[in-house]
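1. I would like to see how this sequence folds:
(chains A and B)
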Amino acid sequence: MNDMRPIERATALDDTKISAKGVNVHYGAAHALKDVSVDIGDRLVTAFIGPSGCGKSTFLRCLNRMNDTIPSARVTGRIEIDGQDIYDRRVDPVQLRAKVGMVFQKPNPFPKSIYDNVAYGPKIHGLARSRADLDVIVEKALRRAALWTEAKDRLQSPGTGLSGGQQQRLCIARAVATEPEVLLMDEPCSALDPIATAQVEELIDELRQSYSVVIVTHSMQQAARVSQRTAFFHLGNLVEYGETGQIFTNPRDPRTESYISGRIG
Amino acid sequence: MPLGWLLLLVLLIAAAGYVMGRRRALSGAGGDTRAMHSLPGAYGWNVAMAVLIPSLLLMAAWTAVAPSVIDRMVAPMVADQGDPALVMSDVRRVARGLVILDEGFDTIAAEGLRDRLASVGVAVGQDVSESTLAAAERYDILAARSSWLLTALTLAIAGGAAAWALRRTTPDLRARNEVERGIQGLLIAAALVAIATTIGIVLALIFNTIKFFQLYPATDFFFGLTWSPSFGGGSELGILPLIWGTLYISFISLLVAVPLGLLSAVYLSEYASHRVRAWAKPMLEVLAGIPSIVYGLFALLTVGPALLAVFGDGGLGWMDGGTAVMTAGLVMGIMLIPFVSSLSDDIINAVPQAMRDGSLGLGATPSETIRQVVLPAALPGIAGAVLLAASRSIGETMIVVLGAGAAAKLSLNPFEAMTTITAKIVSQLTGDQDFSSPEALVAFALGMTLFVVTLCLNILALWIVRRYREQYE
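-> You can find the predicted model right below:
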């Protein structure tokens, strides 16, 4: 826990990127997320922590409407990105997901070459005008995901042949290639070893320069290391949300303190 | 004693052994089941097993071997009467017929015996000669002796085994472990029956194929362009027209089954709601439960005439009759739809949800996801499913017999009647046949060819499917 020193952080709430008000999610009869309201800042890393089943992943999946793919899920409340209600009838979830990228818990490269994995998003959204254009996009994305040096000589070999950490960075490159504005990461390091984790964390910190990043994590050290804001979820409620240093050193809610010190969860 | 009664007797001895073994073990332990190694029932089963295994083995071996031994002992008596196989079957029929006529060998005369036997429903191949009658008498005696010997031996073995097993039955005997071994043996035996049968079938095919190739040159068979068997001699037995017909019909059936089956599988696994899936999938699988002869009727009575109305003389004039490659291919394709769709459905479902999430999360639509991620991931498995479907359609018989016609032709027109390997096997073997002519034996060579082709397809398909499965599990 010695990593929880208050590092240099942007303390003022800058521009709000995502604003959620009174969000409720039901899976059939189960009430998974209860009346969550939160403002997520632009160009910041926001961490969602909490015990398993607390609703943090559910909330994350609300932000790009991935819950639409689960037939039994029902979302109510209001979520705005740049002031636009994303559950509005006029919003196309497919367009939205191009703007709000997602990286999943388990690395899930497509059974294609490394190049095609990264080029997948730009191709379906028509972001490249020519093959050369696409080459540039792919190289840029791989560089941003710190995978270029390892992958540049084997772009045509299958993405599934990479190591776990490389696969996850490939998935990040894939998400970055579509030029999203928000990057959602659902426990991106839970399947990785410590070295790969460190690489991904470094990457997250760099991505903050251009995106607003939301990361769900089980590791409190990780939340403390990479994020500027932390939200603590418990049993479907948002218990506490604030500046990361404050959450870890001086939590206001007794439940947050119990969780951080390992008494619940 | 008849075999059925003997079997019943052996079972009775085993049952008695079970009761006695159980009782003996219990009394040996003074009625205290805790002092025994195994549960009382295990001791009983142990004795029953000791009785059943050797006696059943003996009975099986005896019934398998005894008839041919008796035949060999009788055959020299009628060696001068022509084809030994035919004469021996007459001898057996006469021996059986006399029992039905209820007459002894000392009173009967060979004269007119054939007609008398025919009047009680026993057909004999040729007039009964004196030597045949004598052979039948000998046969009768030997059969009776064999039956008597079998009864005596079986009962002796059953009784001896029961006594031996009972003597061994003490509370310390590890009866439970012995029963376990017995169960294992039973399972192995069950597996062996299936394997042995397969090997037997393959051997029968191989030997008869070799016999065929001794009568008919293999190069003419494999490379001949004409199929015109005639039992009068001078037949041409080239397999190429049949292979062509088989492949053509299979090709058309796959052309129907693969797109329809695959698309319905995609719909069912990716788009259909639970409720639709719950009734649509069983409905589709009902198609798989329809016997192929019913599909054959459908081809003959519905599809054939319908095609004829469009492509026949009244329409485009490409088609002469209702039976054609197209008729059989279409109907067979319909038959294969559930086969392709349910296999592909399983394979598509085996593609991890993470793949779909990854693609949807990048802003792809469901159909883009399916086309670019799910289907490529499932492709090896789907290829395997298609190969399995192909090997089924190659082996399909009834639809072809009824729907494709009987003419062996090398033609490109799908509206012409053609025929397949399976259909020709049927026509070569129906009716009274002399199994030593190449025209009948060719059926085995055809069957062997078919077997090799489908075996290769199946192995290839299973190999592909398995290779693919390993990727995700």
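
2. so B:Val443 touches B:Leu429, yeah?
-> Residue B:443: Ala, not Val. Yes. The pair B:Ala443 / B:Leu429 is scored as a contact, 5.1 Å apart, by Cβ atoms under 8 Å. The way it works is simple: take the backbone N, C-alpha and C, and place the C-beta from them, glycine included.

3. what packs against the helix or strand B:Leu12 falls within?
-> B:Leu12 is part of helix B:3-28, with elements assigned from DSSP states H and E. On a contact count with 3 or more Cβ pairs under 8 Å, 6 or more residues apart in numbering or on different chains; DSSP states H and E, helix B:3-28 meets helix B:40-74, helix B:130-168.

4. which one, of those helices, ends up nearest to B:Ala408?
-> Nearest to B:Ala408, of all the helices and strands packed on helix B:3-28, is helix B:40-74, at 39.1 Å by Cβ to Cβ.

5. mean confidence for the closest one?
-> Averaged over helix B:40-74, pLDDT sits at 91.

6. which residue is the nearest non-sequential neighbour of the residue in the stretch 151-265 of chain A positioned nearest to chain B?
-> Across the stretch 151-265 of chain A, the shortest distance to chain B (Cβ to the nearest Cβ) belongs to A:Thr178, at 6.0 Å. Residue nearest to A:Thr178 in three dimensions, not counting chain neighbours: A:Gly121, with 3.6 Å by Cβ to Cβ, 6 or more residues apart in numbering or on different chains.

7. ok, the one you found - contacts?
-> By Cβ atoms under 8 Å, 6 or more residues apart in numbering or on different chains, the contact list for A:Gly121 reads A:Ala98, A:Leu127, A:Arg174, A:Ala175, A:Ala177, A:Thr178, B:Leu362, B:Gly363, B:Ala364.

8. quick check: mean pLDDT across the helix or strand where the first one lies?
-> Secondary structure here is read from DSSP H and E; on that basis A:Ala98 sits in helix A:93-99. For helix A:93-99, the mean pLDDT works out to 89.

9. what about B:Asn413, neighbour count?
-> Other residues lying near B:Asn413 total 15 when counted by other Cβ atoms under 10 Å in any protein chain shown.

10. now the closest residue to it other than its chain neighbours: how far from chain A?
-> Sequence neighbours aside, B:Trp318 is the residue nearest to B:Asn413 in space, at 6.7 Å (criterion: Cβ to Cβ, 6+ apart). Here B:Trp318 is placed at a distance of 44 Å from chain A (Cβ to the nearest Cβ, to the nearest Å).

11. tally of neighbours for B:Trp318?
-> 16.

12. wasn't A:Ile79 part of a helix?
-> No. Read with DSSP: H, G, I helix; E, B strand; the rest coil, A:Ile79 is strand and lies in no helix.

13. sec struct for the closest residue to it other than its chain neighbours, please.
-> Of all residues not flanking A:Ile79 in the chain, A:Ala20 sits nearest, at 4.7 Å (Cβ to Cβ, 6+ apart). Secondary structure assignment for A:Ala20 (three-state DSSP): strand.

14. now do the contacts for A:Ala20.
-> A:Val36, A:Ser37, A:Val38, A:Asp39, A:Ile40, A:Phe59, A:Cys62, A:Leu63, A:Gly77, A:Arg78, A:Ile79, A:Glu80.

15. for chain B, what are the nearby residues on chain A?
-> Applying Cβ under 8 Å from any Cβ of the partner chain, we find that chain A lies next to chain B at A:64, A:66, A:69, A:71, A:94-99, A:101-102, A:104, A:106, A:108-112, A:120-121, A:124-125, A:160, A:171, A:174-175, A:178.

16. which single residue of the stretch 351-473 of chain B ends up nearest chain A?
-> For the stretch 351-473 of chain B, Cβ to the nearest Cβ, closest residue to chain A: B:Gly363, 3.3 Å.

17. ok, back up a step: which neighbours do B:Ala443 and B:Leu429 share?
-> Counting by Cβ under 8 Å, 6+ apart, nothing touches both B:Ala443 and B:Leu429.

18. the two: which is more packed in?
-> B:Ala443 (23 against 15).

19. pipe the helices and strands packed on helix B:3-28 into JSON lines and attach distance to chain A and mean neighbour count per row.
-> Listed next are the helices and strands packed on helix B:3-28 as JSON lines, based on distance: least, Cβ to the nearest Cβ, whole Å; neighbours: other Cβ atoms under 10 Å in any protein chain shown:
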{"stretch": "helix B:40-74", "distance to chain A": "48", "mean neighbour count": "18"}
{"stretch": "helix B:130-168", "distance to chain A": "59", "mean neighbour count": "17"}
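
20. cool, thanks, talk later.
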